[in-house]
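Asker: need a structure here:
(one chain, ligands or ions: 1)
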Amino acid sequence: MQDGVCILIKFVQDVNPNKINMAYYFRLGDIPPKRHIQFRQPDGSLYKEELVSSKGFSGIYSNLYHIHNPNNVKSIGESSAYNWEPAQAYGLKQTHLKTSGVTTTGKDYLSARKILMMNHDVMMGICSPEQRKMDYFFKNADGDELIYVHDGEGVMYSQFGKLKVRKGDYIVIPRTTIYRFDWIEEGPLRLLVIESKGPIETVKRYRNELGQLLEHSPYCERDIRPPGELVTEDEKGEYLVQIKKGGMLHPYTYGHSPMDIVGWDGYLYPYAFSIYDFEPITGRIHQPPPVHQTFQAWGFVICSFVPRLFDYHPLAIPAPYNHSNIDSDEVLYYAEGEFMSRKGIDRGSFTMHVGGLPHGPHPGTVEKSIGAKSTEEYAVMLDTFKPLFVTSQGLEYVDENYPMSWKE
Ligand SMILES: [Fe+2]
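Answerer: Have a look, this model is predicted:
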């Protein structure tokens, strides 16, 4: 079996070395024929190999080949706090955070990051920086990131290469990836930012034992977009990498560009997946949120609600039913379209429905939904398995009327 897999990988590599849709193995640039052997630069010196591995040496990993020593630190600046706190005495309330009118949330990528909800597993917030081009690199050593591009178009430059991103993309960034974004100047820029303690992964029940996405998965490897082109910079100088670790930012200056990679291969790399490539699963009667699941992580899941045909039982009710999730909190971020079960919700709204209270469609919306054939909505859902808290920063966006909005 192993030999068969290797032969197939070899065959695909021969056809196009950069386009391997087998499981998640991927490679870009030049790499030596084996790991950990001599691999020399044109001047005869060795390239510097870096193994980026997860779960000790037991998880997914990639091997990167640097021109320069990745430990060549020139100076270390003063660390500063970069964390958020749950709001005190918020109470038990269904919550609507109105962020639709927000145009910018801060000057640059890091100062514009506003975390609105959090627990020990996950943080979720918004980011609309004024500066579209980052003049530093960022490395999040605290967790994996999932950035949903609500509005905007740009390029993510990382050691793994250049990844073009656009509206509707989920960008999965494994922890410690050194990266920066260049967003186009025109039009709005709205990012939904999620930081996860655990790795952000494709959904286990949609994978076979070798990791390939199965036939019933709502997306497959062809929809996953790894970096498309390696950017190799040999320049020396001063390169700032802001490293987030332990809820602090640590400014590290290196003596060369961190983008000095000539090649890499492995399973660990950033990639994009567009919500527009998510194929919805529908049924005769209302399908529960797990059919919309897109990613899994420790303590939470991410689901995508996309345009789809409504339920087709002759007595179907397209609107959802009231429900009590006794052990999870549910956040919906409304991206596009009309949300038939909600009133007063705009593009860019968050709703957080908490365990301990039932929730459901607003009065009148259930009857109104009967007979509807399809929906054009897009929404991103975060369901946590531990209580989620509104942060002090999130209070700024609270719609005070929402908890009473089901009143007949
Ligand atoms: Fe719900």
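Asker: in the helix or strand containing Glu367, what counts as buried?
Answerer: For Glu367, the element it lies in under DSSP states H and E is helix 365-369. Residues 365-366, 369 are the ones in helix 365-369 that count as buried (16 or more other CB atoms under 10 Å). Every C-beta, even on glycine, is put in place using the N, C-alpha and C of the backbone.
Asker: downstream neighbour of that helix in the secondary structure list?
Answerer: On the C-terminal side of helix 365-369, the closest following helix or strand by DSSP H and E is strand 374-375.
Asker: next structured bit after that following strand?
Answerer: Counting by DSSP H and E, what follows strand 374-375 is strand 378-384.
Asker: which residues touch the host helix or strand of Ile147?
Answerer: Using DSSP H and E, Ile147 falls within strand 144-151. With contact meaning CB atoms under 8 Å, 6 or more residues apart in numbering, strand 144-151 is reached by 127, 165-175, 187-196, 198-200, 275, 295, 297, 302, 333, 335, 348, 380.
Asker: what about it, average pLDDT?
Answerer: Per-residue pLDDT over strand 144-151 has a mean of 98.
Asker: The helix or strand just after it: partners in the sheet, and parallel or antiparallel?
Answerer: Following strand 144-151 in sequence order, the next helix or strand is strand 153-158 (DSSP H and E). Partners of strand 153-158 in the sheet, by DSSP bridges, are strand 161-166 (antiparallel), strand 178-183 (antiparallel).
Asker: separation between the most centrally placed residue in the chain and Gly211?
Answerer: In the chain, the C-alpha nearest the mean C-alpha coordinate belongs to Leu146, at 1.6 Å (CA atoms, centre = their mean). Distance of Leu146 to Gly211, given as CB to CB, to the nearest Å: 19 Å.
Asker: One more: Gly355?
Answerer: 32 Å.
Asker: do His362 as well
Answerer: Distance of His362 to Gly211, computed by CB to CB: 42 Å.
Asker: and if you look at Pro403?
Answerer: Taking CB to CB, one finds Pro403 at 43 Å from Gly211.
Asker: Next: Ser374.
Answerer: In terms of CB to CB, Ser374 sits 34 Å off from Gly211.
Asker: now swap in Glu235 and tell me
Answerer: From Glu235 to Gly211 the distance is 37 Å (CB to CB).
Asker: So those two - more neighbours on which side?
Answerer: When Glu235 and Gly211 are compared for neighbours, Gly211 comes out ahead with 16 against 11, by other CB atoms under 10 Å.
Asker: from what I can see that one touches Tyr24, true?
Answerer: Yes: judged on CB atoms under 8 Å, Gly211 makes contact with Tyr24 at a distance of 6.4 Å.
Asker: can you give me the offset of stretch 89-101 from its chain's centre?
Answerer: 23 Å (CA atoms, centre = their mean, to the nearest Å).
Asker: Kindly report the same for stretch 266-283.
Answerer: On CA atoms, centre = their mean, the centre of stretch 266-283 falls 10 Å from that of its chain.
Asker: Buried residues in it, which are they?
Answerer: In stretch 266-283, counting by 16+ other CB under 10 Å, buried: 266, 268-275, 277-278.
Asker: One more: stretch 392-400?
Answerer: By 16+ other CB under 10 Å, the buried positions in stretch 392-400 come out as 393-394, 397-399.
Asker: so can I have JSON lines of those residues showing secondary structure?
Answerer: JSON lines is the format used below for these (DSSP: H, G, I helix; E, B strand; the rest coil):
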{"residue": "Gln393", "secondary structure": "helix"}
{"residue": "Gly394", "secondary structure": "helix"}
{"residue": "Tyr397", "secondary structure": "helix"}
{"residue": "Val398", "secondary structure": "strand"}
{"residue": "Asp399", "secondary structure": "coil"}
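Asker: Check the gap between the nearest residue to Asp223 once chain neighbours are set aside and Glu221 for me.
Answerer: Spatial nearest neighbour of Asp223, excluding adjacent residues (CB to CB, 6 or more residues apart in numbering): Asp277 at 4.1 Å. Noted for Asp277: a distance of 11 Å to Glu221, by CB to CB.
Asker: Could you do Thr95 as well?
Answerer: Taking CB to CB, one finds Thr95 at 37 Å from Glu221.
Asker: Among those two, which residue is more densely surrounded?
Answerer: Neighbours were tallied for Thr95 and for Glu221 using other CB under 10 Å; the higher tally belongs to Thr95 (23 against 17).
Asker: For the more buried one, give the beta-bridge partners.
Answerer: Met352.
Asker: so what's it up against?
Answerer: The contact partners of Thr95, by CB under 8 Å, 6+ apart, come to 350-354, 390, 398-399, 402-403.
Asker: Let me have those residues in TSV, extended by distance to Ser324 and pLDDT.
Answerer: Formatted as TSV, the contacts of Thr95 follow (distance: CB to CB, whole Å; pLDDT from 0 to 100):
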residue	distance to Ser324	pLDDT
Phe350	20	97
Thr351	16	96
Met352	15	97
His353	10	96
Val354	10	96
Val390	20	98
Val398	23	97
Asp399	22	96
Tyr402	18	95
Pro403	16	95
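Asker: picking that back up, show me just the buried residues among the contacts of strand 144-151.
Answerer: Applying 16+ other CB under 10 Å to these flags 127, 165, 167-175, 189-196, 199-200, 275, 295, 297, 302, 333, 335, 348, 380 as buried.
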